[in-house]
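# Have a look; sequence and predicted model below, questions after that.
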Amino acid sequence: MRYLGVHLDGTGWIPAWPPDAFAIAAAFLRRTGTYVDLVNSRGSTVRSSKTERSPVEVGAQWREAWTSTLLGKATLSIPAAIEQWWKTFCRGLDRSFMDAARDSQIVAAAQSLCVASDIACEGLGVTPSKDPFLAISQAVLDRNERRSFCMSITPDKLAVLGKQHTPQRGCTIRSLTHHLSLYPPSEIKAYWAGPFEPAMGELDVLNLLLLPWPTDVKASDFRIVARRLSDAGSDTSHRYFEYHPSSHVAPTVMGRRVACALANARAHADKIHGIVLPELALNSEQFEAVERVAVAEGAMLISGVRTPASESPKGMPLNMCAIQPLGLTAVPLESRRRRSRLWDETRRVQLKHHRWCLDRNQIMQYGLGGRLPASRDCWERIFLGERTIYFVTLGSWLTVCVLLCEDLARQDPVADVIRAVGPNLVFALLMDGPQLRHRWPSRYASVLAEDPGCSVLPLTSLGMAKRSRPRDSEETPAADRSSVIALWRDAIFGERELLVEPNHDACVLSLVCRSTREYTLDGRGEDQSHFPVFAGAYSFRSEGDS
C-alpha cells in the first residue's frame, strides 16, 4: 500500500490537510473496491471511540479547526478521530491491497476519512468566497499549477479536484463524495480554473449567443496532403486532409460581425453572458479580435480555433478550443479592457485529443468525393500534443468544460476525469452535420447526462450542416434538416433540437439553474446540486433585421 502517497512511510505523519487524507483513503478504496461495502449490510463508516462523533461531525470540526487557525485564533489541532482513523488505516502499510481489504477496521477507517474530508471541504473550488479555508485552498491549487488541491501529495501521484455532481446511478468511488473528486494520474492533465465571481453576482439566467459559423463551407476548403514529406507518393491504405477556408474574413471584420450579433441579440435577452462558436470557426487573429469584443461586452468566449501548419509544431496545423471567461468576471471593466497579463492568465487553450477520420460514407455525405478519395479513409492532419482539459468555474453553480468533436465520441481517456468532476455544462464544439436526436452527438451527450449528470451542448457550423446530405435509402434523399445547428441535453428535462430559421445565422440559448438533492453512497443528501436546463431559444440574423 505504500505507493499511494509520499508520506506513507511509518514515520508518524498524519494528513492534517483534508484533501490529502481523501486522496490516499479514496485511492485505497478505489483500488480495492471496498467502497461498495457502504451499500451492503456490513459496510459503514465508524464513530471514533475517543469522541463518539460520526465522520460528518468530525469533518465539520476539522473545517472549524482550520478556519480558527487561519484566522489566528488558535494553533491547528487535528480532530482526535482523524488521528485514530489514520493510525488504523496505516496498519495496512506493510500488507497487500487485498489483504488490507479483508480487514474491516482498515476499510471502515478509510471510508470515515473520505467522508470527513468531504464534509471539511464543502465549497472547495466552486464557491467564490473570502472564507480562509477556501482561500488557502486556492493558494495550494496555484502552487500545484492548478492541477490539484492536495498540499503534500504531488499531482503526479494523486490529484484532487473540486466536484459538481454525484452520480445517482451505479456504484463507483465517485458516488462517495459531494465536494471532492479523485483523479489518479493519466495521460490527461486536468486543470481547475476559478472559481471566477460573475460581475453581476450569482447568475439567475445564463444567456448564450450561439454563432454557427461559418455559414458556408466549400468543398475546396478541404484538400489532400501528405502527412510528412517522406509520405509523398507512398502506397498506404489511408490519406490525410486539411481544412483551410478558401474565403478569408479579416479579423477586424469578424470582430464587427460579432459585435453586430451581440447588438441584435438584445432583442431576445437583456444580457449575453457567453459567446460560443463551433470547431475551427476562427483563426488565431480572428479569435483575438472577437476576444476583444467579448471582454469589452462582458461575455465569456468559447470557440474552436485553427492555426496553420506554418505556425505550428512539426509543421502540422493545430485544432484547438480557446476559453476566455474574463468578460464575465467581476474584474473591473477598465482592467478587463487593457490587454495585459490578465488576459493571458484567464484564457485557456486546449488541443483536440483525437483526429477526425472521414470514411467513404462521410465523404459522400458531405459531398467531398471530388476532393477526397472515397476509396480510402482520410485522416485529419493536425498536431496531437499534450492532452489537457480545463474546468472553468463561474459562481457556485456553474462549472464548464469543452470537448472538440471527436473527443466527445472517443471518450477514452478524458471521460474518467469528466465523470469524476461532474461539470454542470459540457460544450461540444463540432464540425459535423445537423444535430439531430438520432445522430452520434445525441448518443454520447446522453451518456454524460445520465452519469454524472452533466448538461451537454453540441454545436456545429451552419456551413457543415448544409453540406450534410445523408440518404434514407440509396434512391431517396433525406429531408433537409440542415437548420438544426445544436442539440441541448440535460438530466432533468431531456433533449431538444435547436434550429435557426431560414436566413438566420445566430441563436440565443437561455438557460436557468434547476437545483435538486443528490445522495452519496453513505446516504448523505444535504448537498444541493445544480443543473443548467433549457429556458428558451431564439434565432435571428446576426447582421440585419430578423
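Received, thanks.
# Now do the same for S44: its pLDDT.
Per-residue pLDDT puts S44 at 51.
# Which residue ranges of the stretch 401-546 of the chain form strands?
425-429, 455-459, 484-490, 494-499, 506-517, 528-540 (DSSP state E, counting those that start in this stretch).
# Please indicate which of the ones you listed has the most neighbours on average?
Most buried of the strands of the stretch 401-546 of the chain, by mean neighbour count (mean count of other Cβ atoms under 10 Å): strand 455-459, with a mean of 27. Where C-beta positions appear, they are placed from N, C-alpha and C, glycine not excepted.
# Neighbouring strands - and their directions - for it?
strand 425-429 (parallel), strand 484-490 (antiparallel) (DSSP bridges).
# Find the nearest non-adjacent residue to G367, please.
R467 (5.8 Å; Cβ to Cβ, 6 or more residues apart in numbering).
# since we're on the one you found, how many residues are nearby?
Neighbour count of R467, defined by other Cβ atoms under 10 Å: 20.
# This structure - how does it break down into domains?
2-120, 205-387+426-509+535-540 (automatic domain parsing).
# Out of the ones you listed, name the one with the poorest average pLDDT.
domain 2-120 (a mean of 86).
# Could you pull up the residues touching the closest residue in space to R437 that isn't next to it in sequence?
Once flanking residues are discounted, R437 sits nearest to E495: 5.9 Å by Cβ to Cβ, 6+ apart. Residues counted as contacts of E495 (Cβ atoms under 8 Å, 6 or more residues apart in numbering) are R437, S442, A445, S446, L487, W488, R489.
# my read: the third one touches D490, true?
No: judged on Cβ atoms under 8 Å, A445 makes no contact with D490 at a distance of 9.5 Å.
# so what sits against both of the two?
V456.
# re the thing from before, and the contacts of E495, which two are the farthest apart?
S446 and W488 (11.8 Å; Cβ to Cβ).
# the helices in the stretch 251-400 of the chain, which residues?
251-265, 284-296, 333-337, 341-346, 360-365 (DSSP state H, counting those that start in this stretch).
# Looking at those, which one is packed in the most?
helix 284-296 comes out most buried of these by mean count of other Cβ under 10 Å, with a mean of 21.
# Counting by contacts, list what that one packs against.
Here helix 284-296 touches helix 251-265, strand 300-307, strand 318-324, helix 333-337, going by 3 or more Cβ pairs under 8 Å, 6 or more residues apart in numbering; DSSP states H and E.
# out of those, nearest to W397?
When these are compared (using Cβ to Cβ), the closest one is strand 300-307, at 14.9 Å.
# The closest one pairs with which strands?
When DSSP bridges is applied, strand 300-307 pairs with strand 274-276 (parallel), strand 282-283 (parallel), strand 318-324 (antiparallel).
# of all those, which lies closest to Y240?
Across those, closest to Y240 is strand 318-324 (Cβ to Cβ), at 13.1 Å.
# orientation of that closest one relative to helix 284-296 in degrees?
10 degrees (axes from the mean of the first three to the mean of the last three Cα atoms, to 10 degrees).
# Would you quantify the distance from the residue nearest the centre of the chain to P325?
The chain has C401 as the residue nearest its centroid, 2.5 Å off, counting by Cα atoms, centre = their mean. In this view, C401 and P325 are 12 Å apart by Cβ to Cβ, to the nearest Å.
# what sits in contact with each of those two?
When Cβ under 8 Å, 6+ apart defines a contact, the residues bordering C401 and P325 alike are V392.
# T520: which of the helices of the stretch 251-400 of the chain is closest?
Taking these one by one with Cβ to Cβ, helix 341-346 is closest: 33.0 Å.
# hmm, who's touching the closest one?
Under Cβ under 8 Å, 6+ apart, the answer for helix 341-346 is A193, F196, E291, V295, Q324, P325, L326, T329, V331, S335, R336.
# what does stretch 402-414 give?
186-188, 279, 302, 304, 319-321, 323, 350, 352-356, 387, 389-390, 418, 426-432, 440-441, 444-445, 447, 458.
# And stretch 54-69, by the same measure?
18, 45-48, 51, 53, 74-79, 81-82, 111-113, 115-122, 131-133, 136, 524.
# Not counting its neighbours along the chain, what's nearest W488?
R496 (4.7 Å).
# Tell me the spacing between that neighbour and L462.
For R496 relative to L462 (Cβ to Cβ), the value is 18 Å.
# one step back: pipe the domains of the chain into CSV and attach distance to D412 per row.
Listed next are these as CSV, based on distance: least, Cβ to Cβ, whole Å:
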stretch, distance to D412
domain 2-120, 18
domain 205-387+426-509+535-540, 9
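# For I173, which of those is the nearest?
domain 2-120 (4.3 Å).
# so how far is that closest one from its chain's centroid?
Centroid separation for domain 2-120 versus its chain: 29 Å, with Cα atoms, centre = their mean, to the nearest Å.
# sorry, back to before: between the strands of the stretch 401-546 of the chain, which gets nearest to L262?
The nearest among the strands of the stretch 401-546 of the chain, by Cβ to Cβ, is strand 506-517 at 9.5 Å.
# Measure how the closest one sits relative to strand 494-499, angle-wise.
Using the same axes, to 10 degrees, strand 506-517 lies at 170 degrees relative to strand 494-499.
# and strand 506-517, what other elements does it pack with?
Checking 3+ Cβ pairs under 8 Å, 6+ apart, strand 506-517 ends up next to strand 205-210, helix 251-265, strand 484-490, strand 528-540.
# before we move on, the earlier item: hmm, D216 and the residue nearest to G367 touching each other?
No: R467 lies out of contact with D216 (Cβ under 8 Å); the separation is 9.2 Å.
# returning to that earlier point: which among the domains of the chain is found nearest to L176?
Once these are compared by Cβ to Cβ, domain 2-120 is nearest, at 5.6 Å.
# ok now do the closest residue to G463 other than its chain neighbours, which residues does it touch?
Using Cβ to Cβ, 6+ apart and skipping the chain neighbours, the partner closest in space to G463 is V217 (3.4 Å). Applying Cβ under 8 Å, 6+ apart, we find V217 in contact with P245, S461, G463, M464, K466, R467.
# And for the second one, the neighbour number?
When neighbours are counted by other Cβ under 10 Å, S461 registers 27.
# Quick check: the gap between the residue nearest to it when sequence neighbours are not counted and P167.
Closest residue to S461 apart from its sequence neighbours, by Cβ to Cβ, 6+ apart: P278 at 4.6 Å. P278 sits 29 Å away from P167, going by Cβ to Cβ.
# who has more neighbours, those two?
P278 (33 against 20).
# Distance-wise, check the nearest residue to D522 once chain neighbours are set aside relative to L457.
Among residues not flanking D522 along the chain, L38 sits closest, at 5.0 Å (Cβ to Cβ, 6+ apart). According to Cβ to Cβ, L38 stands 34 Å off from L457.
# What of L404?
Using Cβ to Cβ, one obtains 13 Å as the distance from L404 to L457.
# shared neighbours, those two?
Joint contacts of L404 and L457 (Cβ under 8 Å, 6+ apart) are A428.
# how about I82, what does it touch?
Going by Cβ under 8 Å, 6+ apart, I82 touches I14, P15, A21, V58, W62, L113, A116.
# circling back: can you lay out the contacts of E495 as TSV showing distance to G395?
Formatted as TSV, these follow (distance: Cβ to Cβ, whole Å):
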residue	distance to G395
R437	31
S442	28
A445	23
S446	26
L487	25
W488	20
R489	22
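# quick one: which of the residues you listed is nearest C507?
Checking those against C507 by Cβ to Cβ gives W488 as the nearest, at 10.9 Å.
# Touching, the closest one and L509? I think so.
Yes: assessed by Cβ under 8 Å, W488 is found in contact with L509 at 7.1 Å.
# Quick check: neighbours shared by the two?
Common neighbours of W488 and L509, using Cβ under 8 Å, 6+ apart, are L457, L498, F534, A537.
# Redo those as TSV? Include distance to I106.
Below are the shared contacts of W488 and L509 laid out as TSV (distance: Cβ to Cβ, whole Å):
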residue	distance to I106
L457	44
L498	51
F534	47
A537	53
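# sorry, back to before: pick the one among the contacts of V217 closest to W397.
S461 (29.7 Å).
# Please consider this matter closed, and thank you.
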